[in-house]
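Asks: curious how this folds, go ahead:
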Amino acid sequence: MRAALIGGPCTGKSTLCNELAGRGYEIVPEGARQIILEQKLIEAHTPTAAKLPWTNFAAFEELVLERQLHLEARIQTDNAFLDRGVLDVIAYCKMGNVVLPSSLSRLQTRNRYTHIFLLDQLPYRNDAERTETPEQAARVHHTIAGIYREYGYNLIHLPVMSVQERADKILQHVR
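Replies: Prediction:
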């Protein structure tokens, strides 16, 4: 079982992954946040070399896809929960009007995940890596959901509720 938790920024994906990890499940963290932190360090020393979403969107999405594939390749158990999936890259590229990374054409995108959980948005707040406006976050959310549907996935809707209740609901679906 490989279940992806999807949705726009500020839907509680990472918090829910932490809850599931606390219950003993393997988690695949979100690669985009890792890359932003790494690229900010590069930017501090060599500003023109940094590949950040606000300076070089296409190159950033290439890095996100590479990281996502690397993280997924390291899954060690039969039951893993992912903080986003590779199709998120397709959604972001569509929104940014950039060409999809060429490596996507070689990937199995259909049936890659056994379950897709779409988390409803929580009250929006920015942080160091999350720079969208609430309106942009809502657009990201709807675009991501649309891409997964377009690729044939049935989305399991998770409304706003406590993180423990969301985790319980997910585990009911995957058992």
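Asks: so what does the one helix or strand in the chain whose mean pLDDT sits lowest touch, helix or strand wise?
Replies: None of the helices or strands of the chain scores lower by mean pLDDT, DSSP states H and E than helix 31-45, at a mean of 92. Helix 31-45 is packed against helix 57-73, with contacts defined by 3 or more C-beta pairs under 8 Å, 6 or more residues apart in numbering; DSSP states H and E. For the C-beta atoms, the positions are set from N, CA and C on the backbone; glycine is no exception.
Asks: list the contacts of the helix it packs on.
Replies: Contact with helix 57-73 is made by 2, 28-29, 31-32, 34-35, 39, 51-53, 82, 84-86, 88-89, 92-93, 96, 98-99, 101, 103-104, 107, as judged by C-beta atoms under 8 Å, 6 or more residues apart in numbering.
Asks: low-confidence regions, this protein specifically.
Replies: Residue ranges of the chain with pLDDT under 70: 128-129.
Asks: strands of that one, start to end?
Replies: Along the chain, the stretches classed as strands by DSSP state E are 2-6, 26-28, 80-83, 115-119, 155-158.
Asks: packing partners for the shortest one?
Replies: I take that to be strand 26-28. In terms of contacts (3+ C-beta pairs under 8 Å, 6+ apart), strand 26-28 is packed against helix 13-22, strand 80-83.
Asks: now render the strands of the chain as CSV, adding mean neighbour count.
Replies: What follows is those, written out as CSV (neighbours: other C-beta atoms under 10 Å):
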stretch, mean neighbour count
strand 2-6, 24
strand 26-28, 19
strand 80-83, 25
strand 115-119, 22
strand 155-158, 16
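Asks: as TSV, these with distance to Gln172 would be great.
Replies: Compiled in TSV, the strands of the chain are given as follows (distance: least, C-beta to C-beta, whole Å):
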stretch	distance to Gln172
strand 2-6	12
strand 26-28	19
strand 80-83	14
strand 115-119	11
strand 155-158	10
